[in-house]
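Colleague: Fold the stuff below for me.
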Amino acid sequence: MSEPIQNRYEFVILFDVENGNPNGDPDAGNMPRVDPETGLGLVTDVCLKRKIRNYVETVKEDAAGYRIYIKDGVPLNRSDAEAYAQLDITEKTVKEKKKADPDLDEKVRDWMCANFYDIRTFGAVMTTFVKAALNCGQVRGPVQLGFARSVEPVMPQEVTITRVAITTEADAEKKGTEMGRKYIIPYGLYRCEGYVSANLARKTTGFSEEDLELLWQGILNMFEHDHSAARGKMAVRELIIFKHDSELGCAPAWKLFESVKVERTCKDDPAPARSYGDYRVTVDESALPAGITCRRMG
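Modeller: Okay, here's the model as predicted:
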């Protein structure tokens, strides 16, 4: 694997949704998530990381070093067991080998990081075995995302739909159509903020420059191979990256995030926003501390 990254980063993702549900809330009948105090829409970090994982899996197709640990249909224990098999450890021998090699836990963890991109990136809890001392450890990943929050309040709408396909023979004798419902947001622009720690990359997972570029591409394309009728038209509009000139950084993250302003192009227009063109995105680079460079992608 390549050398770990040597610079800290912060980044801002701007993405929007049109006539879709960006992240349904199972506690509210799968309605779009909304902050009840402000009316701002929410998208969880878990939802966004799922899209990035899916992109990496699509473009890398389980290539060596780029497998995905958290994926549909694959029990975590199955992937955990691979690390033990590669290091010739079994349930019967694990206790003895750990006594003989105090670094065995670290070797197991490192094998998982080297083989699974999402562990190397986001970290993972791999303490899922319930027997003996089998354990792949717990990894705190260098890449962390916060919840995405809409720039302005959103208004989820319930849309009633009909279908001509009837479920059962008994129902077919009584009616010709069935009713259903979809939840949409007519338009919403969301902002998500994230962090990349070079310190954790060096000490723990080995997250490299190649991994970092794949992350940026994964963010920019996370909706491009994940379109569905339920999510409507979703797109990443811009990715703004702040690079520090050192491993530990030279400025607090909040200062960098505050330099990114998203404002309506016509502030006096009372009509709700209905496109990305209704907003203006600016970065006050003159206010950035020394040692920070800004890169805008999208």
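Colleague: Quick one: end-to-end distance for stretch 263-271.
Modeller: In stretch 263-271, first residue to last residue: 14 Å (Cα to Cα, to the nearest Å).
Colleague: Please identify the helix or strand for Ala63.
Modeller: Using DSSP states H and E, Ala63 maps to neither a helix nor a strand.
Colleague: nope, Trp254 is what I meant
Modeller: helix 253-258.
Colleague: Just the buried residues of that helix, please?
Modeller: 253, 256-257 (16 or more other Cβ atoms under 10 Å). Glycine gets a C-beta too; all of them are placed from N, C-alpha and C.
Colleague: And the residues you listed, which is closest to Leu189?
Modeller: Phe257 (16.1 Å; Cβ to Cβ).
Colleague: which residue packs closest to the closest one, ignoring adjacent ones?
Modeller: Glu193 (5.4 Å; Cβ to Cβ, 6 or more residues apart in numbering).
Colleague: quick one: the one you found from Tyr9, how far?
Modeller: 12 Å (Cβ to Cβ, to the nearest Å).
Colleague: Who has more neighbours out of those two?
Modeller: The residue with more neighbours, out of Glu193 and Tyr9, is Tyr9; 23 against 20, by other Cβ atoms under 10 Å.
Colleague: most distant residue from the middle of this protein?
Modeller: Going by Cα atoms, centre = their mean, the residue of the chain most distant from its centre is Glu173, 46.7 Å out.
Colleague: just checking, what packs against the helix or strand hosting that one?
Modeller: Element membership of Glu173 [criterion: DSSP H and E] is helix 169-174. With contacts defined as 3 or more Cβ pairs under 8 Å, 6 or more residues apart in numbering; DSSP states H and E, helix 169-174 has no helix or strand neighbours.
Colleague: immediately after it, which helix or strand?
Modeller: With elements assigned by DSSP H and E, the helix or strand that comes after helix 169-174 is strand 178-196.
Colleague: and that next one, which residues are buried?
Modeller: Buried-residue list, strand 178-196, by 16+ other Cβ under 10 Å: 182-196.
Colleague: Farthest-apart pair in those residues, please.
Modeller: The largest separation in the buried residues of strand 178-196, counting by Cβ to Cβ, is between Lys182 and Val196 at 36.4 Å.
Colleague: So for stretch 86-105, first residue to last residue, what's the gap.
Modeller: End-to-end distance (Cα to Cα), stretch 86-105: 13 Å.
Colleague: tell me the mean pLDDT over it?
Modeller: Mean pLDDT, computed over stretch 86-105, is 84.
Colleague: and it, how far from the chain's centre?
Modeller: 34 Å (Cα atoms, centre = their mean, to the nearest Å).
Colleague: for stretch 256-263, same thing?
Modeller: 21 Å.
Colleague: Kindly format the C-alpha coordinates of the helix or strand harbouring Glu213 as CSV.
Modeller: Assessed by DSSP H and E, Glu213 sits inside helix 209-220. This file holds the C-alpha atoms of helix 209-220, laid out as CSV (Å, rounded to 0.1, in the frame of the first residue of the first chain):
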residue,chain,number,x,y,z
GLU,A,209,-3.3,9.8,-1.2
GLU,A,210,-4.8,7.3,-3.7
ASP,A,211,-7.5,6.5,-1.2
LEU,A,212,-8.1,10.3,-0.7
GLU,A,213,-8.6,10.9,-4.5
LEU,A,214,-11.0,8.0,-4.6
LEU,A,215,-12.9,9.5,-1.7
TRP,A,216,-13.3,12.8,-3.6
GLN,A,217,-14.5,11.0,-6.7
GLY,A,218,-16.8,8.9,-4.6
ILE,A,219,-18.3,12.1,-3.1
LEU,A,220,-18.8,13.8,-6.4
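Colleague: helix or strand right after that helix?
Modeller: strand 233-244.
Colleague: Next, the buried residues of that following strand.
Modeller: Across strand 233-244, burial judged by 16+ other Cβ under 10 Å covers 234-236, 238-244.
Colleague: what mean pLDDT does it have?
Modeller: For strand 233-244, the mean per-residue pLDDT is 98.
Colleague: in its sheet, what does it sit against?
Modeller: Sheet pairing for strand 233-244, assigned by DSSP bridges, gives strand 9-20 (antiparallel), strand 292-297 (antiparallel).
Colleague: Skipping its backbone neighbours, what lies nearest the residue nearest the centre of the chain in space?
Modeller: Central residue of the chain (Cα atoms, centre = their mean): Lys49, 1.9 Å from the mean position. With sequence-adjacent residues excluded and distances taken as Cβ to Cβ, 6+ apart, Lys49 is closest to Phe122, at 5.8 Å.
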